[in-house]
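[1] Here's my sequence, what's the structure:
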Amino acid sequence: MAEREELELTHFFDDALQAERKIDEMKLETAVRNGLNRGKQARRKRQLSQRWGIAGGLAFCMVLVIAFWQYGYQATPAAVMGSQGDIPDYVRSMLTTDMERAADHGLYQPINQTVEKDGYKVTVDGVLADSRTAIIFYTSENTLRDFPIDVQGYTPIQDANVSSTEMGPKYYESADHKSSRTGPIMHTFVKLQVSSQAARGKILFSGSWGEHSEKKEDLKKVYIPIELDKSKYADLERTIPINETAQFGDHKVTIKNMVLRPLGTTINIESIGPSTDKLVKGIQDTKLYLGEERASQFQYFLTPNQNESSYQSSLGRSSFLQLAFRSIFYDDYSEAALKAAGITETTSNKSKLVIDTAKKQILSGGQLIQKLDIVSGKESVDIKLRFNKTSDNNNHILENASFTDKSGAIYTITRGDSRKEAVDFSIAPSDYAQPLTFTLENTSDKNIYKPLEVKINLK
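    Numbering: from 1, shown residues only. Reported below is the predicted structural model:
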């Protein structure tokens, strides 16, 4: 109860603090103009919600591929960033506090690139970007009939000419994701999280587009290369060293640093465990307190964005995590404190799963599998594994993105997804030498509770 009330107070003070800061930063004329535009947009949205409330619940088919583009594509450079007048009304209506402040400081770049194929039109209207985040605002239109097209899932890929450690792109849908639909036209945005080394200013926005009822082989593939003006955000990143260490059981956890950007705040963590199969997967009940702590006074704090916080990677006995918070780049706090209740330890073991996909049979390694489904199509062979439920803390994933056939030849898994008692993945259709061998990783989680508090000097 007290925790919920504390969070509600935090959200209340968040709005109040942001409003207070904006009054000092914005000219009155800009504030009035933005207010009028938002009023108009609110009226439009009420009309749209009444007219399209039923259609808003439909799911639309598309497999979107977002990657950093470096070779083989040519795009017109983005126009030089202008004023707030360059931002479409629908984009304004979707801006969060962080996005709006970044746009006010000139980080929105108009793109206005359109590709049309077989009656489907996709336009990248603009991109809001800093060194590690690109928010792509786009419009999709079905010119064939009065029915929208949109995305059902996103699949980042990597440029084969750039190492995966250097690239690291990851799509995520923010908790404040928004979209608007008018007949066959849809406006929305997607986010792409990248490493600082990959922020070359070139993005390939592409995917297979179609309506909900279309088959996978009938989807239209559209590619839109985007080139950004990197000078807009080249110097807008600040790294604050922390290097504070705490011991949790057999794990040594080090809070490495905090990175401040216009579109987010990240805290990077490294842990060293007792073995390669027992690592730290997460940090429990994390809060980032801002400002000086004073007795008997409420202290403003942030909670991590769970969609953007993640377990990054592991190397030997080390694991690397990242906590993502809303941006404090333009705020004037002199100190902060990271507090947590403990860690989540994950224990893993690997096993070989041998499947004859032609006969649709598991030959070995399927002791925990309850059901196998294999569906062969023109473009892919879709494999679905359903596991027996043993514990809420147990998970099953594919250990890597490749598999071998009977001769030992190595092939690539084209798509993969895992959740608790289910693993779904796809391979290319081919006359494989049966059987095929895949590597499964079975994991179990355990929480280790111990209070953590780290002071951070922001000045």
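
[2] residue ranges of the helices in the stretch 51-200 of the chain, please?
    Counting by DSSP state H, counting those that start in this stretch, the segments of the stretch 51-200 of the chain that form helices are 89-94, 97-104, 164-167.

[3] Can you tell me how far residue 432 is from residue 309?
    Using Cβ to Cβ, to the nearest Å, residue 432 is found at 39 Å from residue 309. All C-beta spots, glycine's among them, are computed from the backbone N, C-alpha and C.

[4] Over to residue 446?
    19 Å.

[5] Could you save the helices of the stretch 51-200 of the chain as TSV and add columns showing mean neighbour count?
    Compiled in TSV, the helices of the stretch 51-200 of the chain are given as follows (neighbours: other Cβ atoms under 10 Å):
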stretch	mean neighbour count
helix 89-94	19
helix 97-104	22
helix 164-167	14
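
[6] Output those helices as TSV; include the columns distance to residue 239 and mean pLDDT.
    Formatted as TSV, the helices of the stretch 51-200 of the chain follow (distance: least, Cβ to Cβ, whole Å; pLDDT from 0 to 100):
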stretch	distance to residue 239	mean pLDDT
helix 89-94	29	94
helix 97-104	18	94
helix 164-167	18	31
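
[7] Export the ones you listed to a markdown table and append columns for distance to residue 394.
    What follows is these, written out as a markdown table (distance: least, Cβ to Cβ, whole Å):
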| stretch | distance to residue 394 |
| --- | --- |
| helix 89-94 | 38 |
| helix 97-104 | 36 |
| helix 164-167 | 28 |
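
[8] Of those helices, which is nearest residue 187?
    Residue 187 lies closest to helix 89-94 among these, at 4.2 Å (Cβ to Cβ).

[9] Mind giving me the packing neighbours of the closest one?
    helix 28-52, strand 133-142, strand 185-193 (3 or more Cβ pairs under 8 Å, 6 or more residues apart in numbering; DSSP states H and E).

[10] The helix or strand that the last one is followed by vs strand 133-142, what angle?
    Later in the chain than strand 185-193, the nearest helix or strand by DSSP states H and E is strand 202-209. On the basis of axes from the mean of the first three to the mean of the last three Cα atoms, to 10 degrees, strand 202-209 is oriented at 40 degrees to strand 133-142.

[11] Against which helices or strands is strand 202-209 packed?
    Using 3+ Cβ pairs under 8 Å, 6+ apart: strand 202-209 touches strand 62-68, strand 120-129, strand 133-142, strand 220-227.

[12] That strand pairs with which strands, parallel or anti?
    In the sheet, strand 202-209 lines up against strand 62-68 (antiparallel), strand 220-227 (antiparallel) (DSSP bridges).

[13] Using CSV, list the CA coordinates for it.
    Written as CSV, here are the backbone C-alpha positions of strand 202-209 (Å, rounded to 0.1, in the frame of the first residue of the first chain):
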residue,chain,number,x,y,z
LYS,A,202,22.5,5.6,-41.0
ILE,A,203,19.5,3.4,-40.5
LEU,A,204,17.7,0.9,-42.7
PHE,A,205,14.0,0.8,-42.0
SER,A,206,12.5,-2.1,-43.8
GLY,A,207,9.9,-4.8,-43.5
SER,A,208,7.3,-7.0,-45.0
TRP,A,209,3.9,-5.2,-45.1
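
[14] thinking again about what came up before, looking at the helices and strands packed on helix 89-94, which has the lowest confidence?
    Ranked by mean pLDDT, those bottom out at helix 28-52, with a mean of 44.

[15] Which of the strands paired with strand 202-209 has the lowest mean pLDDT?
    Looking at the strands paired with strand 202-209, the bottom one is strand 62-68 with a mean of 44.

[16] re the thing from before, go through the helices and strands packed on strand 202-209 and name the closest to residue 341.
    Taking Cβ to Cβ, strand 133-142 is the member of the helices and strands packed on strand 202-209 nearest to residue 341, at 28.0 Å.

[17] Lowest average confidence across helices and strands of this structure, where is it?
    Lowest by mean pLDDT, DSSP states H and E among the helices and strands of the chain is helix 164-167, with a mean of 31.

[18] What number of residues are in the vicinity of residue 400?
    Residues within reach of residue 400, counting by other Cβ atoms under 10 Å, total 13.

[19] Tell me the spatial nearest neighbour of it, not counting adjacent residues.
    Ranked by Cβ to Cβ, 6 or more residues apart in numbering and with sequence neighbours excluded, the top spatial neighbour of residue 400 is residue 439, at 6.0 Å.

[20] Is there a neighbour count for that neighbour? I'd like the number.
    Residue 439: 16 surrounding residues under other Cβ under 10 Å.

[21] which residues does it bridge with?
    With DSSP bridges applied, residue 439 shows beta-bridge pairing to residue 352.

[22] Check residue 445 too.
    Legend: beta-bridge partners of residue 445 under DSSP bridges are residue 346.

[23] just checking, it touches residue 345?
    Yes - Residue 445 is within contact range of residue 345, at 7.0 Å (criterion: Cβ atoms under 8 Å).

[24] These two: which has the busier surroundings?
    Neighbours per residue (other Cβ under 10 Å) separate residue 445 from residue 345, with residue 345 holding more: 22 against 15.

[25] How about the contacts made by the more buried one?
    For residue 345, the contacting residues are 248, 249, 251, 273, 278, 279, 280, 281, 445, 446, 447, 448, by Cβ atoms under 8 Å, 6 or more residues apart in numbering.

[26] Residue 365 versus residue 252, what's the distance?
    Using Cβ to Cβ, residue 252 is found at 34 Å from residue 365.
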